[in-house]
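Enquirer: Need a 3D model of the sequence below.
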Amino acid sequence: MSVNEASVQSALSKVVDPNTGKDLTKAARNVKFSGSDVALDIELGYPGKSQHEPIRRQVVEALKAAGAGNASVKVTSKVVSHAVQRGVKLVPGIKNIIAVASGKGGVGKSTTAVNLALALSAEGASVGVLDADIYGPSQPMMLGIAGRPESKDGKRIEPMEGHGLQASSIGFLIDMDTPMVWRGPMVTQALEQLLKDTNWRDLDYLVVDLPPGTGDIQLTLAQKVPVTGAVIVTTPQDIALIDARKGLKMFEKVGIPILGVVENMSFHTCPKCGHESHIFGSGGAQRMAQDYGTELLGQLPLDESIRSQADSGKPTVVSEPDGPIAEIYRKIARRCAVKIAESQRDMTSKFPNIVVQNT
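Expert: Predicted coordinates for the structure are as follows:
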């Protein structure tokens, strides 16, 4: 029994990518036949290094079941730029920007942002972090980065590096104890400079850690920064959800897609008896996601290790990469990347610049 194009397509239609819920017929590339043998590539639109081998095995089994003698399958990932708000240009060196926001402080937004960035990196993406919290920068501490950034040309600064991430923060430029006593216009200008005057090097994703609320920084981001999608962080507590809903609505109003909601401090498991307590209530983020037609990306426990690891400069995804909490962050990261991959691609780079000349 030999294989052909039709039987390969039929085999791939039976293999469902667990991350997208779709079959792999459109992901096949470079299909080659040699007698009863078949070789092909599977190209995923999201970073999924941990998923490559399981998907490869599934495809090989499906091809052999379809009659292939030998099946040579290579699984790769390719991240491309996707559409942003109208009238906003992409930033050179950055394909996609993910904004991580919360309605109020203290819900674990910065911890979520850094672990999301590290999880995307662990899945094979090139990732950067922009600390947009000018008044309270926390990414230098969470990434364990000290020192001052360099400038090779006297115009743009080089990103600092920690755990394989490129990072930019006002925290690299000031002393830790120095308060930023600035009015709104200075803060928004600082954000624009940190974004556009940092020499980002070929990033698949830039994760922007926003300050809490819906003020100047968020408005500047919505109007001037090309955001591919936003993640809203909340706790199950009603008082946090009220503000989280405002943050979500703000992004909707300015045309930035909501990738989903992350619920922090969902539950606490007693380390002695194993009893699970819902200290801040339960089900709040799920209800919010349903109300606004978006997705609950993941629920994280109230766990001392998440806090202590971030404070020590080695967040959970790098401290315990094979642990259950890191796996939650990785699932959240893959889900964000999949939702971006399924959104409209950026086509502005395809159009030539049109110059009108008097002739």
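
Enquirer: hey, let's count contacts and neighbours off CA atoms from now on
Expert: Will do.

Enquirer: any weak-confidence spans in the stretch 201-350 of the chain?
Expert: 349-350 (pLDDT under 70).

Enquirer: so Val261 sits right up against Pro236, yeah?
Expert: No - counting by CA atoms under 8 Å, Val261 stays clear of Pro236, with 11.1 Å between them.

Enquirer: Residues that sit against both of those two, list them.
Expert: Ala285 (CA atoms under 8 Å, 6 or more residues apart in numbering).

Enquirer: For the helix or strand encompassing Met288, list every residue counted as buried.
Expert: Met288 is located in helix 284-291, with elements delineated by DSSP states H and E. Neighbour-count burial for helix 284-291, counted by 16 or more other CA atoms under 10 Å, picks out 284-286, 288-289.

Enquirer: now these in TSV, with distance to Asn96?
Expert: Below are those laid out as TSV (distance: CA to CA, whole Å):
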residue	distance to Asn96
Gly284	29
Ala285	25
Gln286	26
Met288	26
Ala289	23
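
Enquirer: Centre of the chain to stretch 132-146, how far?
Expert: 18 Å (CA atoms, centre = their mean, to the nearest Å).

Enquirer: whoops, stretch 39-57 was the one
Expert: 19 Å.

Enquirer: what's the first-to-last distance across that stretch?
Expert: Terminal residues of stretch 39-57 are spaced 13 Å apart (CA to CA, to the nearest Å).

Enquirer: count of neighbours near Met186?
Expert: Met186: 12 surrounding residues under other CA atoms under 10 Å.

Enquirer: Let me know the next secondary structure element after the helix or strand hosting it.
Expert: Assessed by DSSP H and E, Met186 sits inside helix 184-196. Of the helices and strands lying after helix 184-196 in sequence (DSSP H and E), the nearest is strand 203-209.

Enquirer: Can you give the distance of that following strand from its chain's centre?
Expert: Relative to its parent chain, strand 203-209 has a centroid offset of 7 Å by CA atoms, centre = their mean.

Enquirer: Return the list of helices and strands in contact with that strand.
Expert: Contact analysis of strand 203-209 by 3 or more CA pairs under 8 Å, 6 or more residues apart in numbering; DSSP states H and E lists strand 94-101, helix 109-122, strand 127-131 as its packing neighbours.

Enquirer: Can you tell me how far the residue nearest to Lys95 when sequence neighbours are not counted is from Pro321?
Expert: Nearest non-adjacent residue to Lys95, counting by CA to CA, 6 or more residues apart in numbering: Ser81, 4.4 Å away. Using CA to CA, we find Ser81 at a distance of 28 Å from Pro321.

Enquirer: ok, these two, which is more surrounded?
Expert: Comparing Ser81 with Pro321 by other CA under 10 Å, the one with more neighbours is Ser81, at 22 against 17.

Enquirer: residues contacting the more buried one?
Expert: 95-96, 204, 345-346.

Enquirer: can you pick the most crowded of the residues you listed?
Expert: Asn96 (26 neighbours).

Enquirer: Run the angle between the helix or strand hosting Ala326 and strand 94-101 for me.
Expert: Using DSSP H and E, Ala326 sits within helix 324-341. Interaxial angle, helix 324-341 versus strand 94-101 (axes from the mean of the first three to the mean of the last three CA atoms, to 10 degrees): 120 degrees.

Enquirer: what does helix 324-341 rub up against?
Expert: 19-20, 45-48, 79-80, 82, 115-117, 119-120, 123, 228-229, 259-260, 297-300, 316-317, 320-321.

Enquirer: residues of it that come out buried?
Expert: Across helix 324-341, burial judged by 16+ other CA under 10 Å covers 325-341.

Enquirer: Export the contacts of Ser81 as a markdown table, with columns for distance to Ile170.
Expert: Shown next, in a markdown table, are those (distance: CA to CA, whole Å):
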| residue | distance to Ile170 |
| --- | --- |
| Lys95 | 23 |
| Asn96 | 22 |
| Asp204 | 22 |
| Arg345 | 31 |
| Asp346 | 30 |
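
Enquirer: which one of those is nearest Glu192?
Expert: The closest of the contacts of Ser81 to Glu192 turns out to be Asn96 (CA to CA; 16.3 Å).

Enquirer: That closest one contacts Val208, correct?
Expert: No - contact criterion CA under 8 Å: Asn96 and Val208 do not qualify, at 10.7 Å.

Enquirer: Now do the shared contacts for these two.
Expert: Contacts common to Asn96 and Val208, judged by CA under 8 Å, 6+ apart, are absent.

Enquirer: Kindly indicate which of the contacts of Ser81 lies nearest Ser13.
Expert: Looking across the contacts of Ser81 and measuring by CA to CA, the closest to Ser13 is Arg345, at 23.9 Å.

Enquirer: is the closest one in a bridge, and if so with what?
Expert: His82 (DSSP bridges).

Enquirer: can you tell me how far it sits from Gln9?
Expert: Distance, Arg345 to Gln9, by CA to CA: 25 Å.

Enquirer: Likewise for Leu44?
Expert: In terms of CA to CA, Leu44 sits 16 Å off from Gln9.

Enquirer: cool, Lys253 as well?
Expert: 42 Å.

Enquirer: Give me the more crowded residue out of the two.
Expert: Using other CA under 10 Å, the more surrounded residue of Lys253 and Gln9 is Gln9, with 16 against 10.

Enquirer: Doesn't the more buried one belong to a helix?
Expert: Yes - Gln9 sits within a helix when classified using DSSP: H, G, I helix; E, B strand; the rest coil.

Enquirer: residues in contact with it?
Expert: Counting by CA under 8 Å, 6+ apart, Gln9 has contacts Thr25.

Enquirer: With only the CA atoms kept, save stretch 192-200 in PDB.
Expert: Coordinates of each C-alpha in stretch 192-200 appear next as PDB, following Å, rounded to 0.1, in the frame of the first residue of the first chain:
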ATOM      1  CA  GLU A 192       7.800  55.800  24.500                       C
ATOM      2  CA  GLN A 193      11.600  56.300  24.900                       C
ATOM      3  CA  LEU A 194      12.100  53.000  26.700                       C
ATOM      4  CA  LEU A 195      10.200  51.200  23.900                       C
ATOM      5  CA  LYS A 196      11.500  53.000  20.800                       C
ATOM      6  CA  ASP A 197      15.100  53.900  22.000                       C
ATOM      7  CA  THR A 198      15.900  50.400  23.100                       C
ATOM      8  CA  ASN A 199      17.800  48.300  20.500                       C
ATOM      9  CA  TRP A 200      15.500  45.300  20.600                       C
END
